[in-house]
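> Pasted the sequence and its predicted model underneath.
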Amino acid sequence: MNRFALPLLAFALLVVVFGVSLKRAPEKQFVKSALIGKLAPEFSLPDLLTEGATVKSATFKGHWYLLNVWGTWCVECRAEHQTLLDIQQGGKVAVVGLNYKDDDTAARQWLTELGNPYTAVAVDREGRAAIDYGVYGAPESFLVNPQGVIVHKVVGVITPDSWRSTMLPLIDGVSK
Amino acid sequence: MRFIAALAVMALYSAGAHAIDPAPPLADPLQQQRYLELIHELRCLKCQGETVADTQAMFAADIRRQVREMVQAGKSNTEVQEYMVDRYGEVILLKPRWSLANAWLWLAPGVFLLGGAGIAWRILRQRRALLAGDTSEVGEEPGRS
């Protein structure tokens, strides 16, 4: 056997291993959501926009909805806002907000200024509902089907492109 | 002198380490012990590469609070870890669990070690065989006369 064969083989093996790891690089999908395919966790939280009211997850069952985790402290959320407005406008899904560790007044102000894409906004000031959803930052979004099952999760900003190419087909594929 | 200086530096750093977790220790020292163990084995997903015990990130603080409350409520270590894995997936555990999918993680170091040892053994044997078959005198070019 050629004396280079073994080192070469080892090298080739490493190239394959590193290649695969690069393909699955952290920024791509470090945390595959443990919740995809499972029932969306229930919550019952104060309503940001109606004093004294509560927002219950059960209310949204029976329809597609997009649960969007946001906060006024989150810069990317501002970038995502227009897309959310467009999605709401499109009428395919209800957009439900989960205001994550935020200040109520600042959050209301934000919606007045930038427009309100949300059917309802639940206030999760302590981030407890967020833990139930496996959230570790904002924005994060969960696409939930009429049976209440999480079909897709987006960590980071939803772009018009990702909405059209990955989420819309999921919705249309099932409702057809 | 240098030893004392080193100690002083370490003391300074340890003060910083405590400041990360502002919560007072749990009343039960055993529970506090378990709390510390648990938070040192959970990954801060917001700041990859650090444990939940080592950072002030909002996410880490929330997870610490959750762990603290569960320990206080009498949950076992396994229950706390299950709870986290159910929500965040197995990445949140710094020490991967033993499972079929993870088996290669645990076995690979052993396989590499054995492979390396095998190669080393072969090289040594070849060298010994070469030396044994070499009849040339010292100072002579080996393998030629």
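Cool, got the structure.
> Against B:Arg122, how distant is the residue sitting nearest the centre point of chain A?
Compute the mean C-alpha point of chain A, and by Cα atoms, centre = their mean the closest residue is A:Ser141, 1.5 Å away. As judged by Cβ to Cβ, to the nearest Å, A:Ser141 and B:Arg122 stand 56 Å apart. The C-beta positions use only the backbone N, C-alpha and C, and glycine is treated the same way.
> just to revisit the earlier point, dig out what the residue nearest to the centre of chain A forms beta bridges with.
Under the criterion DSSP bridges, A:Ser141 forms beta bridges with A:Asn68, A:Val154.
> any weak-confidence spans in chain A?
Low-confidence segments of chain A, defined by pLDDT under 70: A:1, A:25-32, A:174-176.
> If we use 80, what do you get?
A:1-3, A:23-33, A:174-176 (pLDDT under 80).
> Could you identify the longest helix within it?
helix A:5-23 (DSSP state H).
> Stretch A:151-160: end-to-end distance?
Terminal residues of stretch A:151-160 are spaced 18 Å apart (Cα to Cα, to the nearest Å).
> Mind checking if the host helix or strand of A:Gln89 is in reach of chain B?
Using DSSP states H and E, A:Gln89 sits in helix A:75-90. No. Using Cβ under 8 Å from any Cβ of the partner chain, we find that helix A:75-90 stays clear of chain B, coming within 13.4 Å at best.
> Now whichever helix or strand comes after that helix: buried residues?
Using DSSP H and E, the next helix or strand after helix A:75-90 towards the C-terminus is strand A:94-100. By neighbour count on 16 or more other Cβ atoms under 10 Å in any protein chain shown, the buried set for strand A:94-100 is A:94-100.
> May I see the residues you listed organised as a markdown table, with distance to chain B added?
A markdown table is the format used below for the buried residues of strand A:94-100 (distance: Cβ to the nearest Cβ, whole Å):
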| residue | distance to chain B |
| --- | --- |
| A:Ala94 | 24 |
| A:Val95 | 23 |
| A:Val96 | 19 |
| A:Gly97 | 18 |
| A:Leu98 | 14 |
| A:Asn99 | 14 |
| A:Tyr100 | 9 |
